[in-house]
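**Student:** Predicted model follows, preceded by the sequence.
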Amino acid sequence: MKPRLDGQVALVTGANSGIGKAVAMAMAKAGAKVGINYVVNEEATQAMIDEIKESGGEAIALKADVSDEGEVKAMFAKLFEAFGTIDILVNNAGLQRDAKFWEMSVGHWKKVIDVNLTGQFLCAREAVNEFIRRGIVESVSTASGKIICMSSVHDVIPWAGHANYAASKGGVKLLMQSMAQELAPYKIRVNSIGPGAIKTPINKDAWNTPEAEESLLTLIPYKRVGEPSDIGKAAVWLASDESDYVNGATLYVDGGMTLYPGFATGG
């Protein structure tokens, strides 16, 4: 049986660490040619490319700030030059600039919105133009294109001290749903993944000691902290034809965090 994404081209933004890295590696393992977007740490990106090539896959590095329209356009041009087209976009790039609400600077507010929300818009717009131009290639996929927006449990759970981040992810949710509604007639599927607590560098302080992990587990009914590979596997499924009738949905990969576990004992 051929790999689920054989013959397809995927672009993963923010892809050289954490969740993005796991998604990019999973896509490559599933047979896709992968564009690995990054902003810093070229060495880590090259190490990923070397690993993918050693396993018989194909990948290229694509340095770009997803919040910059010119850099996004240049990134897609480089992807098309290398691989000809795009079939899968994983809008993963994101960051946090945390502060108490009354102390949050306009700069930190704008930076998070620009990368986490506007960056998804800019990348999706470029991908959609190619999906519509090319149309469906039946030997590749039943859809003309697939977009996966990386959201968060915080598109439904408020998060004190992180107003900019939660607002950006709430925006991603409705951006995704609006795109899914508008683009469905073109056979473009748009969905989101909402990770819960995942062991990545961005939240290391929340899980890297037994005491911290024990505290974190009070928020997770399934009683384990997620791994980046959990998100990678979900992304491959959403990008494959196995999920062809899934459109406009958010798949929460969170061990039940969105079940508001405090209410299990009466709230």
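**Tutor:** Looks like it arrived, so ask away. Note that the coordinates shown come from a computational prediction; the quantities given were computed from them, not determined experimentally.

**Student:** Now do the strands in this structure.
**Tutor:** 9-12, 33-38, 59-63, 88-91, 145-150, 188-195, 250-253 (DSSP state E).

**Student:** JSON lines please, covering those and showing mean pLDDT and distance to residue 26.
**Tutor:** Any C-beta I mention is one placed from the backbone N, CA and C, and that applies to glycine too. As requested, these are exported to JSON lines (pLDDT from 0 to 100; distance: least, C-beta to C-beta, whole Å):
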{"stretch": "strand 9-12", "mean pLDDT": "98", "distance to residue 26": "10"}
{"stretch": "strand 33-38", "mean pLDDT": "98", "distance to residue 26": "10"}
{"stretch": "strand 59-63", "mean pLDDT": "98", "distance to residue 26": "13"}
{"stretch": "strand 88-91", "mean pLDDT": "98", "distance to residue 26": "10"}
{"stretch": "strand 145-150", "mean pLDDT": "98", "distance to residue 26": "12"}
{"stretch": "strand 188-195", "mean pLDDT": "98", "distance to residue 26": "12"}
{"stretch": "strand 250-253", "mean pLDDT": "98", "distance to residue 26": "13"}
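
**Student:** which ones are touching residue 253?
**Tutor:** Residues near residue 253 by C-beta atoms under 8 Å, 6 or more residues apart in numbering: 193-196, 226, 230-231, 234.

**Student:** top of those by neighbour count?
**Tutor:** Ranked by the number of neighbours (other C-beta atoms under 10 Å), the contacts of residue 253 place residue 231 first, at 28 neighbours.

**Student:** okay if I get the contacts of residue 253 as TSV plus distance to residue 155?
**Tutor:** Putting the contacts of residue 253 into TSV (distance: C-beta to C-beta, whole Å) gives the following:
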residue	distance to residue 155
193	11
194	6
195	11
196	12
226	16
230	18
231	15
234	16
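
**Student:** and which of those is nearest to residue 126?
**Tutor:** Of all the contacts of residue 253, residue 193 has the smallest distance to residue 126: 20.4 Å, by C-beta to C-beta.

**Student:** where's that closest one relative to residue 232, distance?
**Tutor:** Distance of residue 193 to residue 232, given as C-beta to C-beta, to the nearest Å: 10 Å.

**Student:** burial count for residue 94?
**Tutor:** Number of residues near residue 94 (other C-beta under 10 Å) recorded here: 25.

**Student:** returning to what we had before: could I get the strands of the chain in TSV, plus columns for distance to residue 176?
**Tutor:** Formatted as TSV, those follow (distance: least, C-beta to C-beta, whole Å):
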stretch	distance to residue 176
strand 9-12	16
strand 33-38	19
strand 59-63	22
strand 88-91	9
strand 145-150	4
strand 188-195	5
strand 250-253	7
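
**Student:** which residues are in contact with the longest helix belonging to the chain?
**Tutor:** In the chain, assigned by DSSP state H, the helix with the most residues is helix 163-183. Applying C-beta under 8 Å, 6+ apart, the set of residues contacting helix 163-183 from outside is 91, 94, 96-98, 101, 104, 108-109, 112-113, 116-117, 120-121, 124, 128, 131, 147, 149-152, 154-159, 188-192, 247-248, 250.

**Student:** Enumerate every residue touching residue 113.
**Tutor:** By C-beta under 8 Å, 6+ apart, residue 113 lies in contact with 164, 167-168, 171.

**Student:** Show the buried residues in those.
**Tutor:** Buried subset of the contacts of residue 113 (neighbour count, 16 or more other C-beta atoms under 10 Å): 164, 167-168, 171.
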